[in-house]
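S.K.: please work out how this folds:
(chains A, B and C)
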Amino acid sequence: MSVSKTRRSAVTAIAAATGLALAPKAALAQSSGEEIVIGGSIPMTGVFAFAGIGIHAGIQDCVKIVNDSGGVAGRKLRFVPEDTGYKVDASVAAFKKITSQEKVNFYYGDSTAFSKTINPELERMGSILMAGASFATEINDPKKYPLQFLVGPDYTEMFGILLRYIAQQKPGAKVAFVYSDTEFGRDPIDESRETAKKLGLAVSAEIMTPPGSVDVSAEVIKLRRAAPDYTIFHGYVLAPIPEFIGQARQMGMKSHFMGTFWTMDHSMVMKMGEAAEGFMGVMPFRYYYDTEGNAPMLEKIRQLRPEYQSTAYLQGFLTTMLFAEAARRTIEAGKPMTGENLKAALNSIRDFDTGGIVGVPISITGNSIPVGRIYRADVKQQKMLPASDWIVLD
Amino acid sequence: MNFDWLFLFEISLAGLGTGALYALTGLAFVTIYKATRVVNLAIGEMLMIGAYVFFAFAAGLALPVWLSIVAAIVAGGVLGALVERTMIRPMLGESPISVFMVTVGLGSILVGLVELIWTADPRRLPEFLPNDPIFLGEAYVSPKVFYGFCVAALLIAAMLLVFRFWRGGVALRATASDQAAAYSMGIDVPRVFSLSWIVAGMIAAIAGIVVGAIGGISSTMGIFGLTVLVVVIFGGLDSIAGALVGGLFIGLVEAWAGAYLGGEYKVLAVFVLLVLILMVRPYGLFGTHEIERL
Amino acid sequence: MRIGLARPDYAADEALIDSPTQWAWVGLLFAALAAFPFVANEYWLYLACLVGIHVVSATGLNILTGYTGLVSLGQAAFMGMGAYTVAVLQARWGTPPLLNLVAAGVVAMTGGLVVGIPSLRVKGLYLAIATIAASFIAHFVFANWNAVTGGTAGLTVAPASFLGVTLDTSFRIYWLIVPLTVAMVVGAANLFRTRIGRAFIAIRDRDISAEVLGIPLLRYKLLSFAVSSFYAGVAGGLWAYFFRVVTPESFPLILSIFYLAAIIVGGMGTILGAILGAAFMAMVPELLKLVVDWLPLGANATLVLSPVRTIVFGALIVGFLIFEPNGLAEIWRRIRRFFHLYPFRT
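M.R.: You can find the predicted model right below:
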């Protein structure tokens, strides 16, 4: 499956932003002293800290790059984060604090629970467009969540990409779902069962592990009975995947193992040690060190940050790029920056070049960006290597 | 329907493996309760500290594994002594509820300390247990679980002997049954208190290393302690044999519930069992019935 | 300096507010509560509403644990029952909010009665552990009874609508939460002027003696559970209206521990203790944020905040239990005594 690539480099995109930033200084009689504020409930401590720190750095860097090129239509971006420790009440408190002190245009939320909790308030205020670390299927609903969007495919779409890949590689294969007993884990399971059926795959096991369980031997034994060709893990950050894989291999299971976005960070996968060999998963973005293909923005990031940046960093970076783009389109159309207008501007994005962060130009017709590529871990090279083309779901 | 006996056997083995770890942690718990009558809800967190200290020495300082284990055990003992001196001793004579809440606070402090020093990222311990798969006949047992079981069994046996024959063990039992009599026999009761907490801390550290080796370490490891609570209630708060039997039984029940009903039923099964035992035999299988006098 | 108060009859002796100066202070308090929403910004209003909910729940727990001596770690589970009741009633039948809140209280009360039944068989720590079990069983029901509770995704709650006004801002819902909080706190204070309240206290002090004196233990213990969980249910219902999302993760065991910590820090067995404790524990994270911002730690400050919060939480519990077992209420009393007795010392 291939998608035609249009030729527009990211430098052109930034140059365009710069050009348009300079031009309206004369055209628009507005004061360019007004700032565009991006608020954030960022989980810089707590269980999601590795992601939070990455997201924080990613947003900061993108803001810097955009501001250095003259900002968005002459206005500077400003990032106002607060740490939440991945707790919903702290997130909500941070939201209330930041929105009471600043005039916020964009907001980055740290969890699915927060996005759901704050949605009514968001709609009432009507002035903010929100994205976040969540890829929950429920939020991919423009009617229920009109002022929010996901920076990537939702979990069901991720499963969809994985299942399509499996169906390509081995038609009629047996698949097992191993997921955690949390909302995060349960999110895509029901719909993915249907998707698997439609693609002619047999779901031979659905194993749910309680959060905080120490020993997964019993579950691995169950998995062996199911003898799947592919096992998809979801709802975990690291544990208990290495245990599962290690024990499964010892038992002589021949399954391939796959994961979804939050398990695919290079450092997390490599922490699995030997068990990481051949671990696959779906990634909507390239990795920091990807040199395959044309990726000028990744080059820029590599210059800015010589050490490895996580997938969370890229997600935060891309979110800010999209925020900036939505703001730019709204300002150029001469419309006021309300949540509704910003969302409409976002939804007008077609074939947008992300400078190589996503391998193909993206279009945001709804609340998600259903694009991804399968990557496979190569322990010898200590790298995640691409294992498929970019798959775009319709 | 052709019942899969092998499956049941394998699941039961896995359950016994986890059960042995519950029994070991229960042992630490019972040691504290027997001597000082304190219900230590922070036992899971003390386990966590042992695992993290091992991690710090083995992965952080790259010391050899045996040295790191010793260091972790010593750290566990020191933690026990410290906690007893600063938090439990001042609460002597207060209502058991207050002391219980002190241990809850302690748990929170330990979690915060771990997050402060090592962040809340989940981590894996360096591999030090042999990794060849173990097959009992046709049944597979995870090597880590198997070795964990062996360690737990050895330790429990050792503790039973210690309590029977060593002077310190006898002093512990004496203090547990009647403090005043122990005093009058010349037993240094405050020292016995410290000793019990030190021993418990050390056992918790060992259990922590094994649990960490199996499932990785994180700042939420302490939740292990809640299931151990069920184990000791089941077996009797002051009975070592009870901790053993209770641990194995709860481990089995958990494994069966997880295998035949589904992962979400594990926690439910364990806590329903708790409610049942509280209704039928509140003092546990082997616990001593407390007679309240006015 | 106050030398003494002459109380001419039993009613005066039992009165909650016993002097004109106290009436003046109370009047000032109510005036401040009424004026607060007009001067505070969104953030402080949000905090005020949150404190109100916490106060209601802590007062309920205080009735059970502080006054009756039955330690419970299930308060969050009862709040959850109340919250889900409100969410379901609002979504399915659109009944008025006050009715929903009463229903929430009643449903939680039934839960409390069920959990309280073991209280005759087991006491003290065993009962506390039984309530932990109840907490987990409730969590299981919330997460798996998909038809009613929406499973792990939870339920969203439309804003309460009172006399035609939709309560969708903190400013508006303040007028629902705060008067209700005041009413329930006054109710609790009055409870302990009655025979029932005194029976609770007797049970706490020595339940066998209480039974000898003719107080039917099971009936009063169950009553205590019922009243306490009614409070929790109402607090949970307010929570549902305030946050407008109810998920199984909203009411974890750690929240029950939070309320227990709140009444310990505030002072078990006093009405003021519940209020002070709940307000204090709710404000500590915000205070910490201010302190950490102020310290010259630079970028590391935010990384340190969350673990420090956890440590401070634990340290507060331990510290108050060791050094000030009667809590903030005792500190408050000492300050009052100082002013009453000035220029004398004791």
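S.K.: just how off-centre is the longest helix along chain A within its chain?
M.R.: Looking across chain A with DSSP state H, the single longest helix is helix A:311-332. How far helix A:311-332 lies from its chain's middle: 13 Å, per Cα atoms, centre = their mean, to the nearest Å.
S.K.: quick one: name whatever helix or strand follows that helix.
M.R.: With elements assigned by DSSP states H and E, the helix or strand that comes after helix A:311-332 is helix A:339-347.
S.K.: please identify which helix or strand holds residue 231.
M.R.: No chain was given, so I picked chain A. Per DSSP H and E: residue A:231 is located in strand A:230-234.
S.K.: wrong one, chain B
M.R.: With DSSP H and E as criterion, residue B:231 is part of helix B:224-235.
S.K.: pull the CA atoms of that helix into PDB?
M.R.: Presented in PDB, the C-alpha positions along helix B:224-235 are these (Å, rounded to 0.1, in the frame of the first residue of the first chain):
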ATOM      1  CA  PHE B 224       1.600  -6.300  46.800                       C
ATOM      2  CA  GLY B 225       1.200  -5.500  50.500                       C
ATOM      3  CA  LEU B 226      -2.600  -5.500  50.200                       C
ATOM      4  CA  THR B 227      -2.800  -9.100  49.100                       C
ATOM      5  CA  VAL B 228      -0.400 -10.000  51.900                       C
ATOM      6  CA  LEU B 229      -2.900  -8.400  54.300                       C
ATOM      7  CA  VAL B 230      -5.500 -10.900  53.100                       C
ATOM      8  CA  VAL B 231      -3.000 -13.700  53.500                       C
ATOM      9  CA  VAL B 232      -2.200 -12.900  57.200                       C
ATOM     10  CA  ILE B 233      -5.900 -12.400  58.100                       C
ATOM     11  CA  PHE B 234      -6.600 -15.700  56.500                       C
ATOM     12  CA  GLY B 235      -3.800 -17.500  58.300                       C
END
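S.K.: what helices or strands is it leaning on?
M.R.: In terms of contacts (3 or more Cβ pairs under 8 Å, 6 or more residues apart in numbering or on different chains; DSSP states H and E), helix B:224-235 is packed against helix B:5-36, helix B:43-55, helix B:240-256, helix B:265-280, helix C:124-144. Heads up, the C-betas are built off the backbone N, CA and C, glycines and all.
S.K.: let's go with 6 Å and repeat that
M.R.: helix B:5-36, helix B:43-55, helix B:240-256, helix B:265-280 (3 or more Cβ pairs under 6 Å, 6 or more residues apart in numbering or on different chains; DSSP states H and E).
S.K.: near chain B, anything from the longest helix belonging to chain C?
M.R.: Counting residues, the longest helix found in chain C (DSSP H) is helix C:217-243. No. Helix C:217-243 is not in contact with chain B by Cβ under 6 Å from any Cβ of the partner chain; minimum separation 13.0 Å.
S.K.: got the phi and psi for residue B:37?
M.R.: Dihedral pair for residue B:37: phi 60, psi 30, per degrees, to the nearest 10.
S.K.: what about it, how many residues close to it?
M.R.: For residue B:37, the neighbour count with other Cβ atoms under 10 Å in any protein chain shown is 15.
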